[in-house]
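In: Have a look; sequence and predicted model below, questions after that.
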Amino acid sequence: MEFDFSPLIDSWRFLLDGLGVTLLLSIITVVCSLVAGSLIALLRTYGPTWLRVALTFYIDTMRAVPVLVVLVWIYFALPIATGLNLPSFWAAALALSVHIAAYVAEIVRAGIESVRSGQIRAGLALGMSRAQVVRKIILPQALIRMLPAFGSIISITIKDTAIASVIAVPELMKRSETVAGQSFRPIEIFTVAMIVYFLILFPTTRLIDVFYKRVAHLGRS
């Protein structure tokens with residue numbers, strides 16, 4: 001079998017623009033899901049009972065439904081149900097954020113609950129409010145313990161952006177499909193796309209692991 005990488009050379013700007021869309025979508029999704037997931041975890045842990053039940057239902061629902069189904073529903077069904085038409089990029093960002101936030105919420109909740117309750121009682125005994133205990137005692141330790149899991153979430157988020165190709169978001173995977181279809185060189189195109197994803201994800205997860213090893217002692221109690 002002969003390999004021909006000329007379509008990649010001819011289309012490198014086209015593919016590079018797709019990579020830019022992938023990175024932008026990843027950044028928006030990571031930020032939104034981390035913020036939303038952390039808020040959900042705090043409300044589920046310390047909120048009123050009725051709110052905990054509602055948030056638990058949301059988390060369990062998102063973890064039980066494939067992200068592709070959420071993506072397709074938001075892009076095709078949400079406009080019919082509400083009249084709100086989102087561009088494909090923002091529909092993908094919303095779907096991925098809503099889905100991944102559920103996993104972030106469970107990571108944050110587990111991190112919070114991993115801090116020994118004796119520290120909470122000690123903080124309250126010293127006259128600190130519950131909010132101060134959470135902010136100054138629980139979260140600093142929990143955040144360190146959550147770093148490895150956050151690394152996995154970031155990796156999953158970047159990979160899941162490829163699913164956005166089904167609603168024509170012009171990210172790397174969608175543009176790779178376009179070039180492969182026009183050039184009839186799927187092996188070369190998709191192999192390079194796979195390598196690009198690896199070159200993004202591997203250093204990211206390694207850097208987070210290295211950083212965690214340096215600060216892990218701060219999360220021990």
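Out: Received the coordinates, thanks. Just so we're clear, the structure is a prediction, and the values are computed from it rather than from any experiment.
In: if I read this right, R185 contacts E2, doesn't it?
Out: No. R185 lies out of contact with E2 (C-beta atoms under 8 Å); the separation is 10.4 Å. C-betas here are computed from N, CA, C, even on glycine.
In: With neighbour numbers in mind, choose between the two.
Out: Legend: neighbour count by other C-beta atoms under 10 Å for R185 and E2, higher for R185 (18 against 3).
In: the helices in the chain, which residues?
Out: Counting by DSSP state H, the segments of the chain that form helices are 6-10, 12-46, 49-64, 67-72, 78-82, 88-113, 117-125, 130-133, 139-160, 172-183, 186-215.
In: Can you add mean neighbour count, distance to V166 and mean pLDDT and give those helices back as TSV?
Out: Listed next are these as TSV, based on neighbours: other C-beta atoms under 10 Å; distance: least, C-beta to C-beta, whole Å; pLDDT from 0 to 100:
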stretch	mean neighbour count	distance to V166	mean pLDDT
helix 6-10	14	23	87
helix 12-46	18	14	95
helix 49-64	13	19	95
helix 67-72	17	7	95
helix 78-82	11	15	92
helix 88-113	21	9	94
helix 117-125	12	45	79
helix 130-133	13	43	82
helix 139-160	18	12	90
helix 172-183	19	9	93
helix 186-215	14	16	91
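In: Tell me who's in contact with the residue nearest the centre of the chain.
Out: Geometric centre of the chain, nearest residue: T157, 3.8 Å, by C-alpha atoms, centre = their mean. Contacts of T157 were listed using C-beta atoms under 8 Å, 6 or more residues apart in numbering, and they are 26, 29-30, 33, 96, 100.
In: And these, which is closest to V215?
Out: Distance to V215, by C-beta to C-beta, is smallest for V30 among the contacts of T157, at 19.7 Å.
In: Would you check that the closest one makes contact with I156?
Out: No. Proximity of V30 to I156 does not meet the contact threshold set by C-beta under 8 Å, at 10.0 Å.
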